[in-house]
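# What shape does this take:
(one chain, ligands or ions: 1)
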Amino acid sequence: MPTRIEDLKLGWIGTGRMGYAMAERLAKGSCDIAVWNRTKAKADPLAKHGAKVVNQLEELSTRDIVFCMVSTYDDVKEVIGKVLAKGRPKMVVECSSISLEGSAELREMLKKKKIEYLAAPVSGNAKVIKAGKLTFVVSGPKSAYKTARPYLDMMGSGSSYVGEGELARIVKICHNVFLGVVIQSMCEITILAQKAGVPRHAFLDFLNKSVMGSMFTRYKTPALVNLDFHVTFTPELLRKDIDLGLSAGREFGVPMPLTSITRDMVQTLIGNGYAEQDFSALLLLQAKASGIELKPEHVEVGDGL
Ligand SMILES: NC(=O)c1ccc[n+]([C@@H]2O[C@H](COP(=O)([O-])OP(=O)(O)OC[C@H]3O[C@@H](n4cnc5c(N)ncnc54)[C@H](OP(=O)(O)O)[C@@H]3O)[C@@H](O)[C@H]2O)c1
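Numbers count the residues shown, from 1 in each chain. Next up is the predicted model:
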């Protein structure tokens, strides 16, 4: 397969929060890209950046590389199945956060049709993508990675190739288990500091400057300080990833005590009616359980992006 960016025809499935921002970077980078989304209206604005927004998934079956960014493995199976019904792209790059088993089943399905396949889940939210800081973890044939890499680079700040098969899936699952545990921990200590008398912005300012601060703690700080829980990542998608982690822990015989507790906290968040808010609304549960009423601090804090 040729490797010049302008030579390959790209297909894109899924323009939700993540998929839209990712496809937008490829379209703005002058790639030849055809985009499909179940709710077409969400994909339509990409046309102004040169993307071709198609009505039928089947229209992507003649593209060289089809990228997929939907929700769960069941969704992936459904959309890729439809793409394959009437033809076959040369390669599929699947970026959703899905299980090892689902990814392996997809690989088998594609192998039978001689389609190259990369598992390429990501780290970052839509704002991170806009800031050019999305990262990929990739597994599959090295030659396929070589072909897809320039496009991955256009969508973010790089990719880590971790080997053959579904290895990228376990890396992403571990990453998101960590994401869940870290946000729960951040919420606990922020409320502890506040109840002891420290304003949240002051506490988080120190945390972010310390050795424990990270790109993640920094970009979650505005939400925790000013209580803006517009969704970047839903509690239900986080629960899915934690469940994938717990099931991998069972499969490989690895105890995951912190993950189990965090799973219960995320479930409690969903059960309390916060499914449509950002997962960092865990702060609200923590405050309630600590007997304090939270108010926005109205302090301008940066997100570090
Ligand atoms: N948000 C984050 O911070 C983040 C970070 C890293 C990884 N992820 C992972 O990335 C994936 C997408 O997340 P997101 O936040 O972008 O989710 P989202 O905003 O809910 O978008 C989901 C996308 O999947 C499509 N979809 C879902 N089920 C479908 C089906 N059965 N058939 C066709 N299309 C279907 C949706 O189409 P409609 O528009 O028609 O609903 C939408 O385009 C998930 O696997 C998530 O775990 C998310």
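
# which residues touch the residue of the stretch 201-305 of the chain found nearest the ligand?
Nearest to the ligand, among the residues of the stretch 201-305 of the chain, is residue 233, at 3.5 Å (CB to the nearest ligand atom). For glycine as for every other residue, the C-beta is placed from the backbone atoms N, C-alpha and C. The contact partners of residue 233, taken as CB atoms under 8 Å, 6 or more residues apart in numbering, are 17, 125, 278-279.

# In three-state terms, how would it be classified?
Following DSSP: H, G, I helix; E, B strand; the rest coil, the label given to residue 233 is coil.

# quick one on the thing from earlier: most neighbours of all the contacts of residue 233, which one?
Counting neighbours by other CB atoms under 10 Å, the top entry in the contacts of residue 233 is residue 279, with 25 neighbours.

# Now do the phi/psi pair for the residue of the stretch 201-305 of the chain closest to the ligand.
Taking degrees, to the nearest 10, you get phi -150, psi 130 for the backbone angles of residue 233.

# follow-up on the earlier one: could you export the contacts of residue 233 as a markdown table, including pLDDT and distance to residue 43?
Formatted as a markdown table, those follow (pLDDT from 0 to 100; distance: CB to CB, whole Å):
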| residue | pLDDT | distance to residue 43 |
| --- | --- | --- |
| 17 | 96 | 13 |
| 125 | 92 | 19 |
| 278 | 97 | 23 |
| 279 | 98 | 25 |
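
# and these as TSV, adding secondary structure and distance to residue 209?
Formatted as TSV, the contacts of residue 233 follow (DSSP: H, G, I helix; E, B strand; the rest coil; distance: CB to CB, whole Å):
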residue	secondary structure	distance to residue 209
17	helix	29
125	coil	22
278	coil	24
279	helix	24
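
# residues from this protein in reach of the ligand?
Contact residues (CB under 6 Å from any ligand atom) of the chain with the ligand: 14-19, 37-39, 42, 69-71, 75, 78-79, 96-97, 122, 125, 232-233, 237.

# If any of the residues you listed are buried, put those into a PyMOL selection.
Selection of buried members from the residues of the chain next to the ligand for PyMOL, criterion 16 or more other CB atoms under 10 Å:
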select buried, resi 14+15+16+17+18+19+37+42+69+70+71+75+79+96+97+122+125+232+233+237
